[in-house]
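A.B. asks: Give me a 3D structure for the following:
(one chain, ligands or ions: 1)
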Amino acid sequence: MSTILAVSSSPRRGGNSELLLQSFSQGVQKEGGGINTIRISDLELSPCTACDECAATGECVLQDDMQSIYPLVASARGMVIATPIFFGTMCAQLKMLIDRFQCWWHAKYRLDKPWVKLEEGRPGFFLCVGALKNKAYSESALAVAKVFFHNVNYRFVDSLCYRGIDAKGAIKEYPDALQSAYEAGRRFAVEAYKDQPRGR
Ligand SMILES: Cc1cc2nc3c(=O)[nH]c(=O)nc-3n(C[C@H](O)[C@H](O)[C@H](O)COP(=O)(O)O)c2cc1C
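C.D. replies: Predicted coordinates for the structure are as follows:
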């Protein structure tokens with residue numbers, strides 16, 4: 001599969017981060033790229049229990065929807081993740097998904113398992129929206145996203161973070177923000193597919 005994986009993490013369907021992600025995705029599609037969107041809130045996911053079973057196997061023993069997410073992250077051409085700021089950082093839904101990649105950390109750094117010999121250099125992009133103007137919040141979320149991209153062999157390329165946006169859909173009052181996300185999606189697709197055929 002040669003699509004871009006778009007991860008929407010807000011529990012608010014049609015919320016600000018999701019609208020930004022949609023604009024970004026339209027930009028990807030404008031350049032002929034394929035998009036595969038997942039909404040974390042639509043999935044059955046449990047948090048990592050730190051059982052450490054994966055330290056021996058490189059695989060997560062929890063049998064939930066993460067088992068279908070691992071192959072998507074392994075095979076995507078690029079990845080964009082979108083989050084609202086909750087209590088000064090990314091939302092819990094996204095952090096929960098990220099923590100479930102602890103098995104890949106073991107597989108990659110400790111066990112040298114073949115399935116995480118992932119292609120290197122696939123681009124990763126980060127989108128976030130918060131109500132307050134405090135830049136430290138988006139920087140905190142971005143720091144975690146960068147660690148995640150690095151661990152799953154994506155190359156962080158850029159981010160767009162908007163502050164001062166709160167009510168559901170309020171981002172629509174900022175067409176420049178949506179346009180910037182669209183243009184970023186176009187650039188991202190060019191980068192993601194520079195050596196590959198586009199789309200599905
Ligand atoms: C539980 C919760 C915690 C929040 N904490 C923050 C915060 O610490 N800083 C901030 O700027 N906004 C905070 N917000 C506001 C959201 O980031 C803001 O409404 C954002 O636009 C939501 O994006 P969404 O529509 O994609 O969910 C919080 C909202 C909720 C529901």
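A.B. asks: Run through who's touching stretch 187-196.
C.D. replies: By Cβ atoms under 8 Å, 6 or more residues apart in numbering, the list of residues contacting stretch 187-196 from outside reads 2, 4, 24, 27-33, 77-78, 80, 122-123, 125, 157-158, 198. (C-beta placed from N, C-alpha, C; glycine too.)
A.B. asks: Kindly provide the distance from the most far-flung residue of the chain relative to its centre to the ligand.
C.D. replies: Of all residues in the chain, Ala56 has its C-alpha farthest from the mean position, at 26.9 Å, by Cα atoms, centre = their mean. Going from Ala56 to the ligand by Cβ to the nearest ligand atom, to the nearest Å gives 36 Å.
A.B. asks: Can you verify that residue is assigned to a strand?
C.D. replies: No: under DSSP: H, G, I helix; E, B strand; the rest coil, Ala56 sits outside any strand and is assigned helix.
A.B. asks: any idea of the pLDDT on it?
C.D. replies: Ala56 is assigned a pLDDT of 95 by the prediction.
A.B. asks: And the closest residue to Lys135 other than its chain neighbours, how far from Gln196?
C.D. replies: Counting by Cβ to Cβ, 6 or more residues apart in numbering, the nearest residue to Lys135 once its immediate chain neighbours are dropped is Arg163, at 7.0 Å. In this view, Arg163 and Gln196 are 35 Å apart by Cβ to Cβ, to the nearest Å.
A.B. asks: Look at these two and report which has more neighbours.
C.D. replies: Neighbour totals were compared for Arg163 and Gln196, and Arg163 leads with 16 against 11 (other Cβ atoms under 10 Å).
A.B. asks: quick one: contacts for that one?
C.D. replies: Applying Cβ under 8 Å, 6+ apart, we find Arg163 in contact with 129-135, 137-138.
A.B. asks: what's the helix or strand for Leu5?
C.D. replies: strand 4-8 (DSSP states H and E).
A.B. asks: Over to Ile69?
C.D. replies: Using DSSP H and E, Ile69 sits within helix 66-75.
A.B. asks: Give me the packing partners of the next helix or strand after that helix, helices and strands only.
C.D. replies: As assigned by DSSP H and E, the chain's next helix or strand after helix 66-75 is strand 78-86. Helices and strands touching strand 78-86, by 3 or more Cβ pairs under 8 Å, 6 or more residues apart in numbering; DSSP states H and E, are strand 4-8, helix 16-30, helix 92-99, strand 122-130, helix 135-151, helix 175-192.
A.B. asks: Could you export these to TSV, including columns for mean pLDDT?
C.D. replies: Shown next, in TSV, are the helices and strands packed on strand 78-86 (pLDDT from 0 to 100):
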stretch	mean pLDDT
strand 4-8	98
helix 16-30	98
helix 92-99	98
strand 122-130	97
helix 135-151	97
helix 175-192	97
